[in-house]
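Participant: Let me see the structure of the following:
(one chain, ligands or ions: 2)
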Amino acid sequence: MKSNKHTTPHTTETEFGGAIGAACLIVLLPLTVLFLMSVCVSEEGAVFRWPPTLPPHSDFYDPRAVFIITGWISTHILLYLLPVGKVSEGLILRDGSRLKYPINGFHALCVTAVLVCVCVCLGVPLAVLYELMVPLAVCAVGVAFLLSLYLYTCSFWTPAHALAPGGNTGHAVYDFFIGRELNPRIGSFDLKYFCELRPGLIGWVVLNAVMLLKEVELRGSPSVSMLLVNVFQLLYVTDALWNEEAVLSTMDIVHDGFGFMLAFGDLVWVPFTYSLQAAFLVSHPHQLTPFSALAIIMLNGIGYYTFRKSNSQKNQFRRDPTHSSVRHLETIPTATGKRLLVSGWWGFVRHPNYLGDLLMALAWSLPCGISHILPYFYVLYFSVLLVHREARDERQCRAKYGASWDAYCRRVPYRIIPYIY
Ligand SMILES: NC(=O)C1=CN([C@@H]2O[C@H](COP(=O)(O)OP(=O)(O)OC[C@H]3O[C@@H](n4cnc5c(N)ncnc54)[C@H](OP(=O)(O)O)[C@@H]3O)[C@@H](O)[C@H]2O)C=CC1
Ligand SMILES: CC(C)CCC[C@@H](C)[C@H]1CC=C2C3=C(CC[C@@]21C)[C@@]1(C)CC[C@H](O)C(C)(C)[C@@H]1CC3
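Facilitator: Residues are numbered from 1 along each chain as shown. Ligands and ions are numbered 1, 2, ... in the order given. Model prediction:
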């Protein structure tokens, strides 16, 4: 195969502070995960305490963790390859082709749920994974680094049209971080699509279940707070896998390359930081009053309804604008032939789905009480991620739709939170 090194024009625009920012993030992101996990299991649970309470070096590595992570990823590769469910086509690529993707993530979740239940019934001590959390995270970081190195190296044998628009600056560290290749594949196995929805996302809810089992082991029964966190987050992950096809039109799949940022995000950040609330509750039990439990359930319900309804409305409109559920909505035309919704959910704010997601994020943290900042890490990080994501999407939409996008922004002035932002 011919190297594309000399044939691809370099992109000049960078994000995250360019090569220096990317280098810092490559070091800081794994340290942040290990720091948060260590603080989470410490008695004080204090993020701002200096020096931080860290476990001894020997606690960072355990051969069992290598075995578990390898087994976990291999199981999900097998489930991905199973010929069940339908096969869908992604959006049209720059060379005019469309890639095929298996839609069987929900099956993978169900099989995993059955395996976990069988283990519990057979008395397999799954709660022991709680003690292995840090070595498991260290091992997952190793996998993310190895995968990113593989992706970066292979990207030099990829044709120019298969590279991501933003991942080809020529700065090795930056491109390694952002990802050079858009849809890296081994045969028909799509590495980005696989990582986005399978091992990390399903791993997150399995880790939550481990925390619940640990709580039962310690205190005899699960707390209302732990049950709420488990049920809310399981609903979110089930929803993502049930609507797996919709991920094919997200910016991660359509626009972003697959490099360290997404590999680490999918395999380490999601399972080990999104499960912090459940981990926190094991070492810092919190009793909810029936009233606060009800209020939190309602908040999650409103968030989920907003998130699901708005995402479904846009997906339906993009698939078939004449469908009875969307044809009454007001729209504005664009030069591309596509129309933009200006009424319904997308006439309320420009990102109603982000608003719903943020309300859910809050509902996942509140069961931990308000004595510590740590369980609110997800809300804080997620707000930053969504504001940054909204700005990126806005740039892309302005480039795509020009004056029509400006007209939409005038018509719907608020981005995520009505009258505030
Ligand atoms: N839990 C987590 O960690 C994360 C969750 N998410 C969630 O993922 C989901 C997907 O988010 P994301 O991929 O960022 O983007 P969106 O689903 O918000 O999609 C943005 C795209 O929608 C189209 N669009 C925007 N406005 C309109 C309109 N008025 N009418 C019709 N189409 C419009 C445009 O694409 P086009 O016109 O080309 O169709 C735009 O690029 C969200 O619910 C988000 O909250 C995202 C990141 C992380
Ligand atoms: C490492 C960095 C600090 C940040 C990395 C960002 C990633 C963790 C997120 C980027 C986009 C994501 C999406 C989801 C999970 C988080 C990441 C990978 C998503 C799979 C969650 C479930 C949703 O329903 C979704 C719409 C399918 C999400 C798609 C984007």
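
Participant: Please report phi then psi for the closest residue to residue 327 other than its chain neighbours.
Facilitator: Nearest non-adjacent residue to residue 327, counting by C-beta to C-beta, 6 or more residues apart in numbering: residue 321, 6.8 Å away. Quick note: C-beta positions are derived from backbone N, CA and C, even for glycine. Note on residue 321: backbone dihedrals following degrees, to the nearest 10 are phi -70, psi -10.

Participant: hang on, isn't residue 321 packed against residue 339?
Facilitator: Yes: here residue 321 lies in contact with residue 339, judged by C-beta atoms under 8 Å, at a distance of 6.6 Å.

Participant: which residues do the two both contact?
Facilitator: residue 331 (C-beta atoms under 8 Å, 6 or more residues apart in numbering).

Participant: more crowded one of the two?
Facilitator: residue 339 (17 against 14; other C-beta atoms under 10 Å).

Participant: Just to check, residue 306 is in contact with residue 354?
Facilitator: No: applying C-beta under 8 Å, one finds residue 306 not in contact with residue 354, separated by 9.5 Å.

Participant: ok, longest helix in the chain?
Facilitator: If you go by DSSP state H, the chain has its longest helix at helix 290-319.

Participant: and stretch 230-240, which residues are buried?
Facilitator: Buried residues in stretch 230-240, counted by 16 or more other C-beta atoms under 10 Å: 230, 232, 233, 234, 235, 236, 237, 240.

Participant: Could I get the contacting residues of the fourth one?
Facilitator: If a contact means C-beta under 8 Å, 6+ apart, then residue 234 has 205, 208 as its contacts.

Participant: Any idea how far the helix or strand hosting it is from the middle of the chain?
Facilitator: If you go by DSSP states H and E, residue 234 is part of helix 224-242. Remark: helix 224-242 is offset 14 Å from the chain centroid, using C-alpha atoms, centre = their mean, to the nearest Å.

Participant: right, is it up against ligand 2?
Facilitator: Yes: interface with ligand 2: helix 224-242 contributes residue 240 (C-beta under 6 Å from any ligand atom).

Participant: Now do that helix against helix 290-319: the angle between them, please.
Facilitator: 10 degrees (axes from the mean of the first three to the mean of the last three C-alpha atoms, to 10 degrees).

Participant: what about helix 224-242, near ligand 1?
Facilitator: No: using C-beta under 6 Å from any ligand atom, helix 224-242 stays clear of ligand 1, with a minimum separation of 7.3 Å.

Participant: Please report the average pLDDT across that helix, rounded to a whole number.
Facilitator: Helix 224-242 shows a mean pLDDT of 98.

Participant: pLDDT score assigned to the residue of the stretch 251-400 of the chain found nearest ligand 2?
Facilitator: Nearest residue of the stretch 251-400 of the chain to ligand 2, counting by C-beta to the nearest ligand atom: residue 265, 2.7 Å away. According to the prediction, residue 265 has pLDDT 97.

Participant: And residue 3, by the same measure?
Facilitator: The predicted local confidence for residue 3 is 44.

Participant: what comes into contact with the helix or strand that comes right after the longest helix of the chain?
Facilitator: Proceeding N to C from helix 290-319, the next assigned helix or strand is strand 331-333, under DSSP H and E. Applying C-beta under 8 Å, 6+ apart, the external contacts of strand 331-333 come out as 321, 339, 340, 341, 342, 343, 404, 407, 408, 411.

Participant: swap in stretch 19-36?
Facilitator: Residues outside stretch 19-36 that contact it (C-beta under 8 Å, 6+ apart): 15-17, 47, 52, 54, 60, 134, 137-138, 141, 169, 171, 173-174, 176-178, 260-261, 264, 268-269, 272-273, 276, 374, 377.
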